[in-house]
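Engineer: Predicted model, plus sequence, below.
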Amino acid sequence: MAHNGIKRPRRQRSRCHGIDFIAVAEDLIRGKLTSPRRLGAIGGSQGALLVGAAITQRPELFNAAIIDAPLLDMLRYTKLGAGASWIGEYGDPAIAEQRAWIEGYSPCLKLVTGKTYPVPLILTSTKDDRAHPAHGRKAAAKLAALGQPYFYYENINGGHRAAANLMEYARKLALEYTYAWRRLCSE
């Protein structure tokens with residue numbers, strides 16, 4: 001019983017992380033430390049879920065989003081790769097009550113017609129056995145269907161976080177830095 005008592009609040013925290021992240025972005029802008037034109041977000045794995053939730057809930061705050069090895073389809077995550085082992089963390093979309101609050105932050109569900117999103121860089125790996133590449137593929141397909149621009153890179157060799165060796169890691173970093181520079185620094 002104590003174990004479940006610990007896990008329940010943790011699941012509830014998962015859905016609130018985006019709120020804190022968005023509050024920090026708002027504060028940076030309000031304090032004139034940056035502007036939406038110069039603000040980007042980067043996250044990998046669970047951090048990619050955080051970034052995906054932030055840019056779909058408040059897209060006007062960000063001009064760039066690097067989404068690496070993402071978890072984005074939270075209604076199907078239990079059916080993809082190792083996803084079923086994370087029910088304790090994110091909740092079970094097969095249970096109506098939990099599904100309702102998962103729907104509130106699932107980035108793939110939040111991509112809708114009529115909103116303009118920051119152009120994301122989505123990175124994944126064909127061989128990722130943790131954050132299945134279907135998450136990134138689905139988000140890219142949904143953005144394409146909405147007519148929204150995006151960048152997508154899928155490494156066919158690397159595992160989770162998409163780099164199997166130093167050359168692949170250097171390539172991934174070069175993609176991320178080039179993207180960030182072009183989105184946030186160039187005029």
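Structural biologist: The structure has been received and is ready for your questions.
Engineer: Show me where this protein has its helices.
Structural biologist: 2-30, 46-57, 87-90, 96-103, 107-110, 134-145, 166-180 (DSSP state H).
Engineer: Would you mind finding the most buried of these?
Structural biologist: Mean neighbour count (mean count of other C-beta atoms under 10 Å) peaks for helix 46-57 among the helices of the chain, with a mean of 24. C-betas here are computed from N, CA, C, even on glycine.
Engineer: which outside residues touch it?
Structural biologist: 17-18, 21-22, 25, 41-43, 61-62, 65-72, 74, 105-107, 110-111, 115, 117-118, 120, 131, 139 (C-beta atoms under 8 Å, 6 or more residues apart in numbering).
Engineer: swap the cut-off to 7 Å and go again
Structural biologist: When contacts are defined by C-beta atoms under 7 Å, 6 or more residues apart in numbering, helix 46-57 is touched by residues 17-18, 21-22, 41-43, 62, 65, 67-72, 105, 107, 110-111, 117-118, 120.
Engineer: same question, stretch 31-40
Structural biologist: Applying C-beta under 7 Å, 6+ apart, the contact partners of stretch 31-40 are 25, 28, 29, 60, 61, 62, 63, 64, 65, 180, 183, 184.
Engineer: contacting residues for residue 58?
Structural biologist: Neighbour list for residue 58: residue 22 [criterion: C-beta under 7 Å, 6+ apart].
Engineer: how near is it to residue 121?
Structural biologist: Look at residue 58 and residue 121: by C-beta to C-beta, to the nearest Å, they are 18 Å apart.
Engineer: Equivalent analysis for residue 150, please.
Structural biologist: Distance from residue 150 to residue 121, by C-beta to C-beta: 8 Å.
Engineer: ok, the two, which is more surrounded?
Structural biologist: Legend: neighbour count by other C-beta atoms under 10 Å for residue 150 and residue 121, higher for residue 121 (23 against 20).
Engineer: Pretty sure the more buried one sits against residue 154.
Structural biologist: No. Residue 121 lies out of contact with residue 154 (C-beta atoms under 7 Å); the separation is 12.0 Å.
Engineer: what about this protein, any weak spots by pLDDT?
Structural biologist: Scanning the chain for pLDDT under 70 picks out 1-17, 161-163.
Engineer: again, 80 this time
Structural biologist: Low-confidence segments of the chain (pLDDT under 80): 1-18, 158-164, 186-187.
Engineer: list the contacts for residue 103?
Structural biologist: Counting by C-beta under 7 Å, 6+ apart, residue 103 has contacts 75, 109.
Engineer: Apply 10 Å and report the result again.
Structural biologist: 74, 75, 93, 109, 110 (C-beta atoms under 10 Å, 6 or more residues apart in numbering).
Engineer: And residue 145, by the same measure?
Structural biologist: With contact taken as C-beta under 10 Å, 6+ apart, residue 145 is in contact with 111, 113.
Engineer: mind checking how far it is from residue 64?
Structural biologist: Taking C-beta to C-beta, one finds residue 145 at 22 Å from residue 64.
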